[in-house]
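Chemist: Predicted model, plus sequence, below.
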Amino acid sequence: MPALNRRRFLTISAAAGAVGAGAFAGRALQAAPLYRWDGVALGAGASITLAHPDAERIIGRALAEIARLEAVFSLYRMDSALTVLNANGSLANPPFELLECLALCGTIHSASGGLFDPTVQPLWRLYAESFAKGAAPLPEAVAAARARVGWGDVRIGADRIAFARPGMGLTLNGVAQGFIADRVAALLTAEGLTDVLVDAGEMRALGGHPDGGAWPVALDVEGTILPDAVSLREMALASSAPRGTTFDDAGLQGHILNPATGAPSDLPWRLVSVTAPSAALADALSSAFCLMPREAIVATLSAFPSARLVYLG
C-alpha cells in the first residue's frame, strides 16, 4: 500500500498530569510510581499508563494481546484475518473478535444511514494508489470502485465471512483501534487493575487517575491544544479528523470517504470527538460523524444514550 501523508497533527493527547513514567513517584498517595509504555498499535501511536509494582509484567501481557489482535485486524500484515478475507473474498472459521467487531459495524452502519461502511476499502485503495502516482482518481475509476462497495453484500456467519461480489474489501480503521483499546482494558480488568489509561489510537480509562480524580485528556485540533481537557473515568474517548490523514501532499484530500459519493468528506469538521463506555463504539461513531452535518449527528446520538459528542469543530 502506498505511503500516505498521515496524521499531520495529534488528535488527542494525555494532559500533562497523566504522562511521564515516575512523575508521581514521590507522592505518598501512590503505592507505586506512575509507569507509561509508549509504542505503536495498528500503525498509530499507543500508550498504557498505570501505577503498579509489577507494571512491566502487566504491560507485557497487554502487548501480547495487542499483537494477537493485530493478527486479526491489520491491513498491513499479509497473514492477518482481515488481509486474508480481502485477498480471497472469504474467510472460514473467522476469529470471534472479527465477528464481534463486524456486528458493531452493522449497528453503526444502520444508525448512520449507511455512511459508516467498512466496505469502502476499494475506494480507499484507489485514492491511495492514484495519489501515489501524482493525480486524483478519474471519475470513471471512482464509479467502478463504488460498484464494489456495499455493506449489504457482506455475508457474515459464525463459520464463514464472504463477499457477495468480487473485488470487495473491508477496512476496519474506523473502529479497530477502539476495539483493541477495549480488549486491552478487559485484560487489565481481569488482572484486577483499576486506574489505568489505555491509548491504542483511541482511549479507554479504567477508573481514574492513580493520583486522584479523572484522567485529563487534552484535545489537539490541528496543532492547537484546547484549554478544557476531557475528564475520563470509566469511559472511552475517540477522535476522528477528516484530514488527519490525507492522500495528497497538499493535505486537502482526507482519508474518510463517503460511500454514497465516493469522495472524501466535504464537511468543515477538523476534529470530531466522542465519549462512550466502549472505545469501539466511540471510535465508530466519531468516524461516521465526520460525514454528517450537526443535525444528523444529534439525531444519530439519540440511538446511543451512553455516548456523548464532546467536540465538533
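Modeler: Received the coordinates, thanks. Residues are numbered from 1 along each chain as shown.
Chemist: Would you confirm that residue 116 contacts residue 290?
Modeler: No: counting by CB atoms under 8 Å, residue 116 stays clear of residue 290, with 9.7 Å between them. Heads up, the C-betas are built off the backbone N, CA and C, glycines and all.
Chemist: Just the strands from the stretch 101-250 of the chain, written as ranges.
Modeler: 154-156, 160-163, 196-199, 203-206, 215-221, 224-225, 230-232, 236-240 (DSSP state E, counting those that start in this stretch).
Chemist: and these as JSON lines, adding mean pLDDT and distance to residue 33?
Modeler: Listed next are the strands of the stretch 101-250 of the chain as JSON lines, based on pLDDT from 0 to 100; distance: least, CB to CB, whole Å:
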{"stretch": "strand 154-156", "mean pLDDT": "98", "distance to residue 33": "45"}
{"stretch": "strand 160-163", "mean pLDDT": "98", "distance to residue 33": "45"}
{"stretch": "strand 196-199", "mean pLDDT": "97", "distance to residue 33": "14"}
{"stretch": "strand 203-206", "mean pLDDT": "97", "distance to residue 33": "18"}
{"stretch": "strand 215-221", "mean pLDDT": "94", "distance to residue 33": "17"}
{"stretch": "strand 224-225", "mean pLDDT": "92", "distance to residue 33": "26"}
{"stretch": "strand 230-232", "mean pLDDT": "96", "distance to residue 33": "21"}
{"stretch": "strand 236-240", "mean pLDDT": "97", "distance to residue 33": "25"}
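Chemist: Can you lay out these as TSV showing mean neighbour count and distance to residue 309?
Modeler: Listed next are the strands of the stretch 101-250 of the chain as TSV, based on neighbours: other CB atoms under 10 Å; distance: least, CB to CB, whole Å:
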stretch	mean neighbour count	distance to residue 309
strand 154-156	15	28
strand 160-163	18	32
strand 196-199	27	20
strand 203-206	27	16
strand 215-221	20	12
strand 224-225	12	19
strand 230-232	21	11
strand 236-240	28	11
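Chemist: Adding distance to residue 134, write those strands out as CSV.
Modeler: Formatted as CSV, the strands of the stretch 101-250 of the chain follow (distance: least, CB to CB, whole Å):
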stretch, distance to residue 134
strand 154-156, 33
strand 160-163, 31
strand 196-199, 35
strand 203-206, 37
strand 215-221, 30
strand 224-225, 31
strand 230-232, 40
strand 236-240, 27
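Chemist: So for residue 95, which of those sits nearest?
Modeler: Closest to residue 95 of the strands of the stretch 101-250 of the chain is strand 160-163 (CB to CB; 10.0 Å).
Chemist: Neighbouring strands of the closest one in the sheet, and parallel or not?
Modeler: strand 90-92 (antiparallel), strand 154-156 (antiparallel) (DSSP bridges).
Chemist: Any chance of these in JSON lines with distance to residue 307 as columns?
Modeler: Below are these laid out as JSON lines (distance: least, CB to CB, whole Å):
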{"stretch": "strand 90-92", "distance to residue 307": "30"}
{"stretch": "strand 154-156", "distance to residue 307": "24"}
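Chemist: wait, which of the ones you listed is closest to residue 175?
Modeler: Short answer: strand 154-156, nearest of the strands paired with strand 160-163 by CB to CB, at 14.2 Å.
Chemist: Need the residues that contact the closest one.
Modeler: 99, 102-103, 106, 119, 161-164, 168, 170 (CB atoms under 8 Å, 6 or more residues apart in numbering).
Chemist: with those in mind, which one is nearest to residue 250?
Modeler: residue 119 (27.6 Å).
Chemist: Return the residues in contact with that closest one.
Modeler: Taking CB under 8 Å, 6+ apart as the definition, contacts of residue 119 comprise 148-151, 153-154, 168-170, 259.
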